[in-house]
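J.: quick one, structure for this:
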Amino acid sequence: MRILLTNDDGYHAPGLAVLEAIARQLSDDIWVCAPAEEQSGAGHSLTLSRPVRIRDHGPQRWSCSGTPTDSVMMAISKLMPDKPDLILSGVNRGANLGDDVTYSGTVSAAIEGALAGIRSIALSQVYAKEGMGDTVPFEPAEVWGAKVLRPLIDMDMAPRTLINVNFPAIPAAEVQGIRVTRQGFHDYGRGSIVEGTDPRGYRYYWFGLHGIEHSPGHDSDLEAIDDRYISVTPLQLDLTHGASLAALRAAYGSETR
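T.: All right, here's what the predicted structure looks like:
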């Protein structure tokens with residue numbers, strides 16, 4: 001099985017090394033193409049206003065000057081002789097729960113894989129304290145990663161779908177198990193924007209991750225993490241709200257013909 005690894009924290013991020021250790025429990029045919037620098041919050045963006053450059057780091061290993069989406073596109077279109085059987089994105093430093101998936105470069109790399117018809121899985125390690133940087137503990141992902149992935153590799157997945165996995169911020173021995181969940185909802189609110197003044201006296205604004213309000217709800221990914229479980233959430237690329245189609249057609253009447 002040929003596996004492509006990527007992320008949004010950058011080629012040198014500790015989580016990518018964790019992901020490679022997990023992947024090597026599943027296959028010895030591992031390929032890596034990840035952003036050269038951190039691209040957290042890049043979402044499913046493409047680099048269109050400047051050239052994308054690739055740096056070779058040895059056999060089957062590259063970094064990309066662009067986004068996570070760029071990295072996946074370059075790997076499967078230009079760098080690999082054949083498409084991978086599986087794309088793994090992560091292990092992200094921090095949660096990708098609820099609405100995070102709309103911002104996440106980690107999830108978006110998996111979305112790009114799903115668009116290409118490749119089985120794709122995003123993995124993220126929740127952490128409990130702000131400001132931990134590269135000291136975030138990845139032990140739950142390290143211990144549970146391969147166990148979580150093996151059933152996903154063998155199962156049939158619907159076209160244009162992907163899987164989003166989150167590991168709770170507790171010691172691996174305290175993880176209660178694996179729970180299949182739906183995507184939850186939370187709101188970063190006004191408190192997530194930090195104001196400050198730079199050394200030259202100009203005001204700046206920095207988007208943070210604190211002040212989050214959320215409603216876990218029954219069987220959501222947020223609830224699973226709160227309950228000390230690993231969450232495994234199937235996501236789909238079709239964002240159409242089917243229940244609204246009839247009402248919209250009625251509102252436009254003959255204009256929809």
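
J.: quick one: the helices in this structure, in order.
T.: Taking DSSP state H as the test, the helices found in the chain are 14-23, 68-74, 105-115, 139-154, 221-226, 245-252.

J.: buried stuff in the shortest one?
T.: The one in question is helix 221-226. Residues of helix 221-226 classed as buried by neighbour count (16 or more other Cβ atoms under 10 Å): Asp221, Leu222, Glu223, Ala224, Ile225. From N, CA and C alone the C-beta is placed, and that goes for glycine too.

J.: mind listing what the residue nearest to Asn164 when sequence neighbours are not counted touches?
T.: In space, Asn164 comes closest to Thr233 once its chain neighbours are excluded; the distance is 4.5 Å by Cβ to Cβ, 6 or more residues apart in numbering. The neighbourhood of Thr233, defined by Cβ atoms under 8 Å, 6 or more residues apart in numbering, consists of Ile163, Asn164, Val165, Asn166, Val180, Thr181, Arg182, Gln183, Asp221.

J.: using JSON lines, lay out the helices of the chain together with mean pLDDT.
T.: Converted to JSON lines, these look like this (pLDDT from 0 to 100):
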{"stretch": "helix 14-23", "mean pLDDT": "98"}
{"stretch": "helix 68-74", "mean pLDDT": "98"}
{"stretch": "helix 105-115", "mean pLDDT": "98"}
{"stretch": "helix 139-154", "mean pLDDT": "97"}
{"stretch": "helix 221-226", "mean pLDDT": "94"}
{"stretch": "helix 245-252", "mean pLDDT": "92"}
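
J.: mind putting the ones you listed into JSON lines with distance to Thr6?
T.: Written out in JSON lines, the entries for the helices of the chain read as follows (distance: least, Cβ to Cβ, whole Å):
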{"stretch": "helix 14-23", "distance to Thr6": "8"}
{"stretch": "helix 68-74", "distance to Thr6": "5"}
{"stretch": "helix 105-115", "distance to Thr6": "5"}
{"stretch": "helix 139-154", "distance to Thr6": "15"}
{"stretch": "helix 221-226", "distance to Thr6": "21"}
{"stretch": "helix 245-252", "distance to Thr6": "35"}
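
J.: any idea which of those helices gets closest to Trp206?
T.: helix 105-115 (18.1 Å; Cβ to Cβ).

J.: which among the buried residues of helix 221-226 gets closest to Val18?
T.: When the buried residues of helix 221-226 are compared for distance to Val18, the smallest value, 18.2 Å, is given by Ile225; criterion: Cβ to Cβ.

J.: contacting residues around the closest one?
T.: Ala95, Leu97, Val126, Asn166, Pro168, Ala169, Ser231.

J.: and if you look at Asp198?
T.: For Asp198, the set of contacting residues under the criterion of Cβ under 8 Å, 6+ apart consists of Tyr204.

J.: quick one: low-confidence ranges for the chain?
T.: Regions of the chain meeting the criterion pLDDT under 70 cover residues 130-133, 187-191, 208-217, 254-257.

J.: strands of that one, start to end?
T.: Defined through DSSP state E, the strands belonging to the chain, from first to last, are 2-6, 29-35, 54-56, 61-64, 86-93, 119-125, 161-167, 178-180, 185-187, 193-197, 203-207, 213-215, 230-236.

J.: switch these over to JSON lines; also include distance to Pro151.
T.: What follows is the strands of the chain, written out as JSON lines (distance: least, Cβ to Cβ, whole Å):
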{"stretch": "strand 2-6", "distance to Pro151": "16"}
{"stretch": "strand 29-35", "distance to Pro151": "20"}
{"stretch": "strand 54-56", "distance to Pro151": "34"}
{"stretch": "strand 61-64", "distance to Pro151": "28"}
{"stretch": "strand 86-93", "distance to Pro151": "13"}
{"stretch": "strand 119-125", "distance to Pro151": "11"}
{"stretch": "strand 161-167", "distance to Pro151": "10"}
{"stretch": "strand 178-180", "distance to Pro151": "9"}
{"stretch": "strand 185-187", "distance to Pro151": "27"}
{"stretch": "strand 193-197", "distance to Pro151": "40"}
{"stretch": "strand 203-207", "distance to Pro151": "36"}
{"stretch": "strand 213-215", "distance to Pro151": "28"}
{"stretch": "strand 230-236", "distance to Pro151": "9"}
